[in-house]
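turn this into a structure:
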Amino acid sequence: MGNKVKNIGLIGLGMVAGVAASFQFSAVAQKVTGTPLPLEELRQLSDVFGLIKTDYVETVDDKKLLTEAISGMVASLDPHSVYLDKKAFREMRETVAGKFVGIGVEVGLEDGYIKVVSPIEDTPAFKAGIKAGDLITRIDGTLIKGMSLDESVKKMRGEVHSKVSVTISRKDEDKPLVFNITREEIRVQSVKAKIIEPGYAWVRISQFQEPTVDDMAKKITALYQQDPHIKGLVLDLRNDPGGVVPGAIGVSAAFLPKDSAIVSTNGQLATSKETFYGRQEFYAPRAKNDPLAKLPAGLKDVPMVVLVNAGSASASEIVAGALQDYKRATVIGQQTFGKGSVQTLRQLTADTAVKLTTARYYTPKNRAIQARGITPDLLVDETAEGDGLNGLRVREADLQKHLGNDKEPEQASKRDVVEDEQRLAALSKKWKPVEFGSKDDFQLAQALNHFKGLPVQVSKADAKPASDVGETKPDTPTTPPAPLKPDTKAK
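Numbers count the residues shown, from 1 in each chain. From the prediction side, this is the model:
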């Protein structure tokens, strides 16, 4: 999902979109059995290696050559299979664990600069006095105007207790402000929640991480303590790129009947042919206590809306698909990204690994998510004037070498990604990123209208039938997933 629009990044998160959904840490890569090795091709690989060593214009390190060969081999499969070197492997583990080393600010792009959306409470940036709305103009003295969000994020990351200088431009200040900040380990809060008006709650999940289920349970419990008579709950999954599958299972289980089937997978390995249910063994296998056990009873039948857009991918599509299949929630927004593939992490050494696509995801009604996504029940634009920047987002089906959908014939993408990138750059000056959960959040306002029985302003674009956009209609009868074997464990 590297080409899709990034509205908000989190320092240290690395902007990993649609990251691993199923993690298996194995000391040795799985052995190939019963398949003869292609000796002729391996001989050619050896010959090319030898030619580079003897004939190339300058000396090339052996490790670099072999690492690049491994990387290229894995990357040739699909957009989500990748070789992880020491740095990438460390960053992925930090992402999954919800921890990173940095200064602790949520950021976005504005006019070529990095805008502080919010300092994370009790972090070095928060304690130093950095405020929401500040523009970061320099990092360690380097001017960052025009630098990508990813590059800026990397510059603010580093080792624990190392120092970084951040120059800030702030409204009402005549001179730039310079903050010398010591980096610390930051715990990411992937869940936000608040009462948006009496009787209506908003719960946002920005990414599915190991602490997500526990964090969500605590925040929802606090909401019900604040307002015991909640009559509508919005689950906001917009721009949620995914994450770990146990998080998606737990979030879905919180709202569905006990032991409901949440998602099934199918791949070449026997262990990839599984169904995952809303039970603790699948969403919190290592926890002593069930994080969902003490949730308010009303959560099982409170009216729900799930908000999605083109940035909703992978684990967030699992949740939206499950709640839609059971008719537990009304899905509002725009077609999701369509990343319905499972990535399994195979550790090669202590510091490196391969993230390999090993299966496809299916909703409880056996709908394939891959290269299709989830079609909302109500198509609603990002703003009252249209779909804003969301309409130009690249989806899974637009990516080169993407895995196909095994349930329905796929229509070839007719999008010109380069042209869309150019249009996006032009429109970004006109359209500002939506602040989710704010009073200006148009899609959230339409969700509230839906709860109240008021008219909902649907998309101005002609809504195509579900089959035209590659998605099975929510109420289409399909074969239910096969029952889970008693000894099956979540991966």
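
so this protein: which segments form each domain?
What the record gives for the chain is the domain set 8-17+96-187, 191-469, from automatic domain parsing.

mean confidence score for the last one?
Going back to what we said before, that points to domain 191-469. Over the span of domain 191-469, the pLDDT mean works out to 90.

on that earlier part again, dump the domains of the chain to JSON lines, plus distance to residue 58 and mean neighbour count.
C-beta: built from backbone N, CA, C; applies to glycine. Formatted as JSON lines, the domains of the chain follow (distance: least, CB to CB, whole Å; neighbours: other CB atoms under 10 Å):
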{"stretch": "domain 8-17+96-187", "distance to residue 58": "28", "mean neighbour count": "17"}
{"stretch": "domain 191-469", "distance to residue 58": "26", "mean neighbour count": "20"}
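
identify whichever of these lies nearest to residue 75.
Across the domains of the chain, residue 75 has its closest neighbour in domain 191-469 (8.7 Å, CB to CB).

next secondary structure element downstream of the longest strand belonging to the chain?
Selection of the longest strand in the chain by residue count, based on DSSP state E, yields strand 353-362. Past strand 353-362, heading to the C-terminal end, the next element that is a helix or strand (DSSP states H and E) is strand 378-379.

helices and strands around the lengthiest helix in the chain, which ones?
As assigned by DSSP state H, the longest helix anywhere in the chain is helix 39-55. Packed against helix 39-55, as judged by 3 or more CB pairs under 8 Å, 6 or more residues apart in numbering; DSSP states H and E, are the following elements: helix 62-75.

mind listing the helices for the chain?
Secondary structure of the chain, counting by DSSP H: helices at 39-55, 62-75, 86-97, 124-128, 149-156, 212-226, 245-255, 280-283, 315-325, 417-427, 442-452.

just the residues contacting the shortest one, thanks.
Surrounding helix 280-283, the residues in contact under the criterion CB atoms under 8 Å, 6 or more residues apart in numbering are 213, 246-247, 249-250, 253, 262, 276, 287, 290, 292, 489-490.

and with 10 Å instead?
Under the criterion CB atoms under 10 Å, 6 or more residues apart in numbering, residues 212-214, 244-254, 262-263, 274-277, 287, 289-293, 484, 488-491 lie in contact with helix 280-283.

buried residues of stretch 55-72, list them for me.
Of all the residues in stretch 55-72, those buried under the rule 16 or more other CB atoms under 10 Å are residue 71.

CA atoms only for it, dumped as PDB, please.
Coordinates of each C-alpha in stretch 55-72 appear next as PDB, following Å, rounded to 0.1, in the frame of the first residue of the first chain:
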ATOM      1  CA  ASP A  55      33.900  -8.300 -14.000                       C
ATOM      2  CA  TYR A  56      31.900  -5.500 -12.300                       C
ATOM      3  CA  VAL A  57      33.600  -2.000 -12.300                       C
ATOM      4  CA  GLU A  58      34.200  -2.000  -8.600                       C
ATOM      5  CA  THR A  59      34.200  -4.500  -5.700                       C
ATOM      6  CA  VAL A  60      30.800  -5.500  -4.400                       C
ATOM      7  CA  ASP A  61      30.300  -7.000  -0.900                       C
ATOM      8  CA  ASP A  62      29.100 -10.600  -1.000                       C
ATOM      9  CA  LYS A  63      26.500 -10.100   1.700                       C
ATOM     10  CA  LYS A  64      25.000  -7.200  -0.200                       C
ATOM     11  CA  LEU A  65      24.700  -9.200  -3.400                       C
ATOM     12  CA  LEU A  66      23.100 -12.200  -1.700                       C
ATOM     13  CA  THR A  67      20.700 -10.000   0.400                       C
ATOM     14  CA  GLU A  68      19.500  -8.200  -2.700                       C
ATOM     15  CA  ALA A  69      19.000 -11.500  -4.400                       C
ATOM     16  CA  ILE A  70      16.800 -12.800  -1.600                       C
ATOM     17  CA  SER A  71      15.000  -9.500  -1.400                       C
ATOM     18  CA  GLY A  72      14.300  -9.500  -5.200                       C
END
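
now the helices of the chain as a markdown table including distance to residue 190?
Putting these into a markdown table (distance: least, CB to CB, whole Å) gives the following:
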| stretch | distance to residue 190 |
| --- | --- |
| helix 39-55 | 42 |
| helix 62-75 | 28 |
| helix 86-97 | 10 |
| helix 124-128 | 18 |
| helix 149-156 | 17 |
| helix 212-226 | 5 |
| helix 245-255 | 8 |
| helix 280-283 | 14 |
| helix 315-325 | 11 |
| helix 417-427 | 26 |
| helix 442-452 | 19 |
